[in-house]
Structures are given as structure tokens and as C-alpha cells.
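[1] The amino acid sequence is not available; the structure is as follows:
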């Protein structure tokens, strides 16, 4: 089956620093990747959608200058949380889709736990 | 407004027992409905996917049903195991585009 990995699995950083999270599709080419954020005991909330080689589309209320997304290749997307603050502490999950149409299947990564001190 | 409502929010059952989780949706136009299992601190893992023409789909001890007329789905877990303790999320996909609508999830705890 399709496998999506994330790195790191967890990260702790100081307030004001930037953190980069990688999302890779290991055995398929991802035309579209998605970034979600999940707070404790809540469901996933879509932050942005990115297509390879083009700018990401951000959901309403998500600051594009704070959450930088780069989808430079068909197997890699990165999310950079810039000038992180404690309220950015959350569980970040990416997903990837190999092609449009069909079931619109998204394969989820294992998530990255970000803690900002 | 497209919404997915799940019930109950949380559930505790004894190991070996069966349980059924519910999902009601108002998403339209509907493409497919999927159930995911999410272990604590992990990403969601797909259990079943159903289109509007499918009434039931099984994956081992997990059986999902779909009634597209009433816009209801259920996930039945048979002979529960301790490893079934997780959140179960109902997700509905719109007919076109990328949009997925997530339910709030049901947190299941299986006790010995």
C-alpha cells in the first residue's frame, strides 16, 4: 500500500525559532499533498493544499507567511513553521494523493508533534 | 453547510464485546465515505471506503455500512481487542475536488 512518512516525528523548539517538517511519499508520486493540524481531542483541520511545482492554497484563517509550504517534487513537501509560538504547538499531519479522481484517496503520514516552549 | 457528525464521542467496552459507531453527514454532492482508525499520536489509517452505491464493506473485524438515502453510516467492530482502542474518524469526500469533511471522531477504549 501507499506509504507516507514524516520527519521528524516530534520536535521541541524555543519560541521565535523556525521548524521544518518533511512529508514524503515513499512508493508513489504525489500530485497533491495536504497539511493538517490536530489539537488534542479534536479532529484534523486542513491547513493547506499543495500541488507539485505550484503555490500552496491555504484555508481561511491560516497565515501563509507563518506556515510556509514547499512542494518541490512529486515525493516531497515541507511545512515550515516560522517564528513559532506556544500556540503553534500541535500535531501536524500530512497526506498525499497520487492522482485526481477515483476515490480521492489520501494517504496520511504518521504525524509530527510540535511543542513550542 | 457540509457537516459530519459522529456518535458517541467516546465509548468504553470490555474486550471481546462488539460495538457500533455512528456517522451522520450532510455533505453534498457526495462522492465517498471512509472510516479511519487513528491511534494516539499517530496519523489516520484507512479502514474502509464506500461510494454511494455500496451498502457495506468489511475489513477483517471492521464492517462499515452506508445508507445514502438517510445519509448515515456505521462502523461495527466485532470481538473487540485491546488494540482497537483508538479514535475512529468518519470522513466524507465531496464529488469533485480535494475537499474532505472530517467528523469529530469517536474515542474507543477497550478494557480487559
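    Everything's here; your move. Remember, it's a predicted structure, so these values are computed and weren't measured experimentally. Numbers count the residues shown, from 1 in each chain, chains lettered A, B, ... in the order given.

[2] ranges for the strands of chain B?
    B:4-7, B:10-14, B:19-25, B:30-38, B:45-51, B:56-59, B:62-67, B:72-77, B:86-94, B:100-102, B:106-111 (DSSP state E).

[3] Mind checking the ones you listed for the one nearest to residue A:64?
    Minimum separation from residue A:64 across these (CB to CB) falls at strand B:100-102, 20.7 Å. Any C-beta I mention is one placed from the backbone N, CA and C, and that applies to glycine too.

[4] so what secondary structure elements neighbour the closest one?
    With contacts taken as 3 or more CB pairs under 8 Å, 6 or more residues apart in numbering or on different chains; DSSP states H and E, strand B:100-102 sits against strand B:86-94.

[5] Just checking: what are the partner strands of the strand it packs on?
    Strand pairing for strand B:86-94, determined by DSSP bridges: strand B:30-38 (antiparallel), strand B:100-102 (antiparallel), strand B:106-111 (antiparallel).

[6] Include mean neighbour count and mean pLDDT when you put the ones you listed into TSV, please.
    What follows is the strands paired with strand B:86-94, written out as TSV (neighbours: other CB atoms under 10 Å in any protein chain shown; pLDDT from 0 to 100):
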stretch	mean neighbour count	mean pLDDT
strand B:30-38	22	91
strand B:100-102	20	89
strand B:106-111	17	97
